[in-house]
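1. Turn this into a structure:
(4 chains)
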Protein chains: 2
Amino acid sequence: MKRRTWQRDAVAEALAENTGFVSAQALHGQLRDAGSPIGLATVYRTLAKLAEGGEIDSLQLDGEGLYRACATEKHHHHLICRNCGTTAEVEAEAVEAWAHAVAAQHGFTAPAHVVDVFGLCPDCSRA
Amino acid sequence: MKRRTWQRDAVAEALAENTGFVSAQALHGQLRDAGSPIGLATVYRTLAKLAEGGEIDSLQLDGEGLYRACATEKHHHHLICRNCGTTAEVEAEAVEAWAHAVAAQHGFTAPAHVVDVFGLCPDCSRA
DNA sequence: GGAGTTTTGACAATGGTTATCAGTAGCAAT
DNA sequence: ATTGCTACTGATAACCATTGTCAAAACTCC
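-> Sure thing, here's the model as predicted:
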């Protein structure tokens, strides 16, 4: 059974304060700096659970997991600044359709896809 | 300057024997089982160099790096069986165009993208 | 053959993530 | 409220893929 704890709320709240994707470690540091005595393991566990439940989005970059509380519940993809992490949510029905078509064409079932666009945001491009 | 060693050849050859993506560790085990005394660190280094030079493709799955010697030199994407690793190469000019357009639309520069489709291949679907 | 520089390999170190396990604290029934 | 059950937490150890280290080996050019 799922229980409600202040730790879970704290993680969700801290995540909401970030506009881009954040690592578990960064989030833990943020919480600690804000005076919360939350444990690192708890942050990892909570993020994993939230992601599993579809409440937050996650992706892997350079071998570390990043998380983000997204605005929409709908399926979408991300345009991410590889320098500062700023993220824009983008929809791409054409890509969804393409992914399904490709899978079907080769007889693959249970299709899933990883589609992310990386780049330098306007601010970071200037620097 | 780049030198030619039997180790580099051995890695490339072992990679060619696999149809799907393989991890550095798996490849090392494969080489060792075949009687090669190659070192693990060397396999990692060689794979990194080959990938850097564009001679092989790489991707990250579950936090571990996977490599594959692809048939074409052209930019392409992959349709991967998440059970057995079997891989099909697929082209998607429409997706390339979409990625560029999305980045440009938001003022992002130096666009790159990660696009992979996962699923169960016909064989694994049956099981 | 020899100099000069890469590359190698065994092993240590790194770093993000997960397992352990005793103590804590939701939640429900009493 | 109190109790009982059990999920959750946190400090720390363990994991494990990967990278760094450095002396020894070996490729290439002269």
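
2. helices or strands up against the helix or strand hosting residue A:25?
-> Secondary structure assigned from DSSP states H and E places residue A:25 in helix A:24-33. With contacts taken as 3 or more C-beta pairs under 8 Å, 6 or more residues apart in numbering or on different chains; DSSP states H and E, helix A:24-33 sits against helix A:6-17, helix A:40-52, strand A:64-68. Backbone N, C-alpha and C define where each C-beta goes, glycine included.

3. How about the first one and DNA strand D, touching?
-> It refers to helix A:6-17. Yes: using C-beta under 7 Å from any atom of the strand, helix A:6-17 reaches DNA strand D at A:7, A:8.

4. Buried ones in the helix holding residue A:25, by neighbour count?
-> A:24, A:26, A:27, A:28, A:30, A:31 (16 or more other C-beta atoms under 10 Å in any protein chain shown).

5. what number of residues lie near the closest residue to the fourth one other than its chain neighbours?
-> Same thing as residue A:28. Ranked by C-beta to C-beta, 6 or more residues apart in numbering or on different chains and with sequence neighbours excluded, the top spatial neighbour of residue A:28 is residue A:43, at 4.5 Å. Neighbour count for residue A:43, taken as other C-beta atoms under 10 Å in any protein chain shown: 27.

6. Would you mind listing what in chain A touches chain B?
-> Within reach of chain B by C-beta under 8 Å from any C-beta of the partner chain, chain A has these residues: A:60, A:63, A:65, A:79, A:81-82, A:88, A:90, A:92, A:94-95, A:98-99, A:102-103, A:106-122, A:125.

7. restrict those to those near DNA strand D?
-> Within the residues of chain A next to chain B, those near DNA strand D by C-beta under 7 Å from any atom of the strand are residue A:63.

8. Filter the residues of chain A next to chain B down to just the buried residues.
-> So, of the residues of chain A next to chain B, A:65, A:79, A:81-82, A:88, A:90, A:92, A:95, A:98-99, A:102-103, A:106, A:108, A:111, A:113-121 end up buried under the neighbour-count rule (16+ other C-beta under 10 Å).

9. now, which of those residues lie within helices?
-> Secondary structure from DSSP state H places A:95, A:98, A:99, A:102, A:103 of these in helices.

10. where's the first one relative to DNA strand D, distance?
-> Relative to DNA strand D, residue A:95 is positioned 27 Å away (C-beta to the nearest atom of the strand, to the nearest Å).

11. what does residue A:39 give?
-> In terms of C-beta to the nearest atom of the strand, residue A:39 sits 3 Å off from DNA strand D.

12. State the number of residues packed around that residue.
-> Other residues close to residue A:39 by other C-beta under 10 Å number 13.

13. try residue A:86
-> Neighbourhood size, residue A:86 [other C-beta under 10 Å]: 20.

14. That one reaches residue A:121, doesn't it?
-> Yes: Residue A:86 lies in contact with residue A:121 (C-beta atoms under 8 Å); the separation is 4.8 Å.

15. of the ones in helices among the buried ones among the residues of chain A next to chain B, closest to residue B:71?
-> In terms of C-beta to C-beta, no member of these lies closer to residue B:71 than residue A:102, at 16.8 Å.

16. What residues does the closest one make contact with?
-> B:79, B:90, B:92, B:117 (C-beta atoms under 8 Å, 6 or more residues apart in numbering or on different chains).

17. now stretch A:13-22, how far from the centre of its chain.
-> On the basis of C-alpha atoms, centre = their mean, to the nearest Å, stretch A:13-22 sits 9 Å off its chain's mean C-alpha point.

18. Look up which residues are beta-bridged to residue A:65.
-> residue A:60 (DSSP bridges).

19. just checking, the residue nearest to residue A:28 touches residue A:8?
-> No: the pair residue A:43 / residue A:8 is not scored as a contact, 10.3 Å apart, by C-beta under 8 Å.

20. Around DNA strand C, pick out the residues from chain A.
-> For chain A, the contact set with DNA strand C under C-beta under 7 Å from any atom of the strand comprises A:1, A:3-6, A:23-25, A:40-41, A:44, A:48, A:63-65.
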